[in-house]
Every structure is written in C-alpha cells, then in structure tokens.
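Chemist: Provided below for reference: sequence and predicted model.
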Amino acid sequence: MKLHDLRPNPGAKKKRKRVGRGISAGQGKTAGRGTKGQGARSGGGKGVYFEGGQLPLARRLPYKRGFTNIRKIYYSPVNLSSLAEIDFVDVDVTPEVLAAVGLIKKASDPVVILGEGELSAALTVKAHRFSASAKEKIEKAGGSVEVLPYEK
C-alpha cells in the first residue's frame, strides 16, 4: 500500500446539499423550508427551551443547587476494625492487598484509612490518606503508616 492508494471508506465523504439553486436541483425556490411562517424565515423557529407558552420543564422541576466538582477525589474507606478482623501476617497492607481480600473494589482507587475500631497487631499500612485517629491507633499498636501519592 502506498500513499496514493489511500481512499476514504465508501460513503464516508458526502457532498453537501446546495439548497436554493433552482428547481432542477430539487431544493430550489423555498429551499426545503416550506412556504411562509416562522420556520421559513432566517433565524426562525423556537428555541429548545420553548414549550408553546407552557412553563418549561426546566422551570417546573425543583432547583438543583450547587455544582459538581470534577476534580473531587472519591476515596474508598477502610476502617481499622476491618483490618483487625483479617489476619495480615508478614504482609504490608496496601491497596492491592485490600482489593484481594475484598475490603475495596479496585486497587487503582485511592484508599483512606479511618479510625473506627481498635488494632492490636503491628501493621505497616500504606494508603493514600489516613484520619488522625487511625494514624494514632496504628502507631500506638506498634505499626507504621505510609502515605501513597495519588495522580488522577
């Protein structure tokens, strides 16, 4: 195959319809706009919001206040009580391990460790965020915490 052999797929390139160019073209005289009225005029027609004078749907519904922050990071929460139930022997607690055990859905999601419950074993916990109480309880049990970086 050479550069001069390249062609667009059949039907991919369509000729534009040239309206208002005489009756033999098929779209002459009124150029497919019918006769007279608002729709035949330049800039004519109602906007998508208009419903014939009826109160538009967007105004009939209750207001949805605020906005959605597209940069918000949704963390998968894991409590210390959940970590205490599972016996982590000689293993660092990482998002991959938590996903394998079933405490979070995906290892790629950012994880936050929360301080609900007590911890007796000394664990090395690696997560994207820790609550102050969780950090304190892990270190009190003789473990350590490591904050992982997270890029969206």
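Modeler: All right, it came through fine.
Chemist: low pLDDT regions in the chain?
Modeler: 152 (pLDDT under 70).
Chemist: Strands of that one, start to end?
Modeler: Remark: strands assigned in the chain by DSSP state E are 76-79, 111-114, 124-127, 129-130, 144-147.
Chemist: May I see the buried residues of the first one?
Modeler: Neighbour-count burial for strand 76-79, counted by 16 or more other C-beta atoms under 10 Å, picks out Ser76, Val78, Asn79. Where you see a C-beta, it was placed from the backbone N, CA and C, and this is true even at glycine.
Chemist: ok, and what's touching that strand?
Modeler: With contact meaning C-beta atoms under 8 Å, 6 or more residues apart in numbering, strand 76-79 is reached by 98, 103-106, 109-117, 127.
Chemist: and what of the shortest one?
Modeler: Outside strand 129-130, the residues that touch it by C-beta under 8 Å, 6+ apart are Tyr75, Pro110, Val111, Val112, Ile113, Ile138, Val145, Val147.
Chemist: strands paired with that strand, and their directions?
Modeler: Counting by DSSP bridges, the strands paired with strand 129-130 are strand 111-114 (parallel).
Chemist: mind putting the buried residues of strand 76-79 in CSV, distance to Asp90 included?
Modeler: Formatted as CSV, the buried residues of strand 76-79 follow (distance: C-beta to C-beta, whole Å):
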residue, distance to Asp90
Ser76, 24
Val78, 20
Asn79, 22
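Chemist: Please identify which of those is nearest to Val89.
Modeler: Val78 (18.2 Å; C-beta to C-beta).
Chemist: Tell me the bridge partners for that closest one.
Modeler: Ile113.
Chemist: Burial check on Ala141, number of neighbours?
Modeler: Residues lying near Ala141 (other C-beta atoms under 10 Å) number 15.
Chemist: any idea which helix is longest in this structure?
Modeler: Longest helix in the chain, counting residues (DSSP state H): helix 132-140.
Chemist: From the rest of the structure, what touches that helix?
Modeler: Taking C-beta under 8 Å, 6+ apart as the rule, helix 132-140 contacts Leu80, Ile113, Leu114, Gly115, Glu118, Leu119, Leu123, Val125, Phe130, Ser144, Val145.
Chemist: Contacts only, for the second one.
Modeler: Read it as Ile113. Residues in contact with Ile113 (C-beta under 8 Å, 6+ apart) are 78-80, 83, 125, 127, 129-131, 134-135, 138, 145.
Chemist: one more time with 10 Å
Modeler: Counting by C-beta atoms under 10 Å, 6 or more residues apart in numbering, Ile113 touches 75, 77-80, 82-83, 93, 98, 125-131, 133-135, 137-138, 145.
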